[in-house]
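Enquirer: turn this into a structure:
(one chain, ligands or ions: 1)
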Amino acid sequence: MTRLPDPSVRPAGLADQFGRVARDLRVSVTDRCNLRCTYCMPAEGLPWMPRAEMLTDEEMLRIIGLFVRDGVTQVRLTGGEPLLRRSLVDLVAGIAALEPRPKIAMTTNGVGLERVARGLKEAGLDRVNVSLDTIDSQTFTQLTRRDRLADVEAGLKAAADAGLTPVKVNAVAMRGINDDSVADVLAWCLERGYELRFIEQMPLDAQHAWDRSDMITADEIRARLSERWELTPLPAADRGSAPAERFLVDGGPETVGIIASVSAPFCAACDRTRLTADGQVRNCLFSTTETDLRGPLRDGATDEELLGLMRGEMWRKRRGHGIGDPGFVQPDRPMSAIGG
Ligand code: SAM
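Expert: Okay, here's the model as predicted:
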């Protein structure tokens, strides 16, 4: 039987009923994207959020400020493609001005990063993760439906030059598409000093075509990489709430991470909370419910009222994401509208 929340014993801050406390806020700053990765979005794109429903910078900063006041210490900007939000540099500067100043990171596809990496760094961005699933130009074009590999490479280099370090690369391996070249991606990243992390593909595609039996598992990725390098697991104690299991590559100091979001979920250590571009708080990527902040905020809610809504959403967080449970239902919102 599920324990019902008892507000009288609810601790302050962004806690849930299983002893977890949110410290890491993912903010989706737009649902729009300039790539069309086949595992994320259909070729024609998606019906984008109406502008009027999207939070303005001022609204977003007020909510992020409340999260920070309630214990969030890291803010990660994502999307959609965060670089498509025109005011991104100002938004970063606004977050950097919060007290206490949170760490600021961004997950991006890297297209256009070359132009703004330095400005973002100067505004207060600390780190970037660039998504790159293949270093083969033809495969890249097939997978993203755009011929932009050179832009991503230039973006990565600009990020490193601007000091947005350590520059991390995120890759999803997919059977029959890029799974036979995971070692090439690692070799490429090692050569350039980027820290690579593979992530298992999750049921978050707009097309609802994900099939667990077809997913490349963390074990498979490790086996493929082990054909070329000796991988030594780093102690689990070093992992904390970080989702990646990390390995020294040929004794280190370089490492590679593998995130087994599906085959070995890390929900027990999850410290994340999420804000969508249209002002909804979500307690999990896979949540099928969310709490609206935009309406109350525009209706004049006080900070205390907004905090109450945010805390209530976190208190309802489930023990785990439930992928694999017989009753699992994929969320209606695709990854691009939640914020990956
Ligand atoms: N546009 C930015 C980018 O490409 O990094 C941020 C948003 S994107 C949705 C964030 C990450 O989610 C990317 O690394 C992408 O590969 C990953 N992603 C998208 N759909 C996924 C899925 N079904 N399973 C696992 N990762 C996924």
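Enquirer: how about the strands in the stretch 1-150 of the chain?
Expert: 24-28, 74-78, 103-108, 127-131 (DSSP state E, counting those that start in this stretch).
Enquirer: is the ligand within reach of the longest one?
Expert: Yes - counting by Cβ under 6 Å from any ligand atom, contacts between strand 103-108 and the ligand involve T107, T108. Quick note: C-beta positions are derived from backbone N, CA and C, even for glycine.
Enquirer: for the remainder of this discussion, apply numbering that starts at 806.
Expert: Got it, first residue is 806 now, which makes that one strand 908-913.
Enquirer: who are the packing partners of that strand?
Expert: strand 879-883, helix 893-901, strand 932-936 (3 or more Cβ pairs under 8 Å, 6 or more residues apart in numbering; DSSP states H and E).
Enquirer: average pLDDT for it?
Expert: Strand 908-913 carries an average pLDDT of 98.
Enquirer: quick one: distance of stretch 979-994 to the chain centre.
Expert: Remark: stretch 979-994 is offset 21 Å from the chain centroid, using Cα atoms, centre = their mean, to the nearest Å.
Enquirer: quick check: mean pLDDT of it?
Expert: Stretch 979-994 comes out at a mean pLDDT of 96.
Enquirer: what are the contacting residues of it?
Expert: 843-844, 937-941, 944, 947-948, 974, 976, 978, 1000-1001, 1003, 1006, 1019-1021, 1025-1026, 1029-1030, 1032-1034, 1054, 1061 (Cβ atoms under 8 Å, 6 or more residues apart in numbering).
Enquirer: hmm, try it at 6 Å
Expert: 938-940, 944, 974, 976, 978, 1001, 1019, 1021, 1026, 1029-1030, 1033, 1061 (Cβ atoms under 6 Å, 6 or more residues apart in numbering).
Enquirer: now do stretch 1041-1050
Expert: R1002, G1062, I1063, I1064, F1071, A1074, D1076.
Enquirer: tell me, how many residues neighbour the first one?
Expert: Using other Cβ atoms under 10 Å as the criterion, R1002 is surrounded by 20 other residues.
Enquirer: kindly report the same for the second one.
Expert: If you count neighbours by other Cβ under 10 Å, G1062 ends up with 20.
Enquirer: same deal with L903?
Expert: Neighbour number of L903 under other Cβ under 10 Å is 18.
Enquirer: which parts of the stretch 856-1005 of the chain sit against the ligand?
Expert: T883, G884, E886, T912, T913, N914, S936, N975, V977, I1004.
Enquirer: please list only the buried members of those.
Expert: T883, G884, E886, T912, T913, N914, S936, N975, V977, I1004 (16 or more other Cβ atoms under 10 Å).
Enquirer: mind listing what the second one touches?
Expert: So the one you mean is G884. S833, V834, T835.
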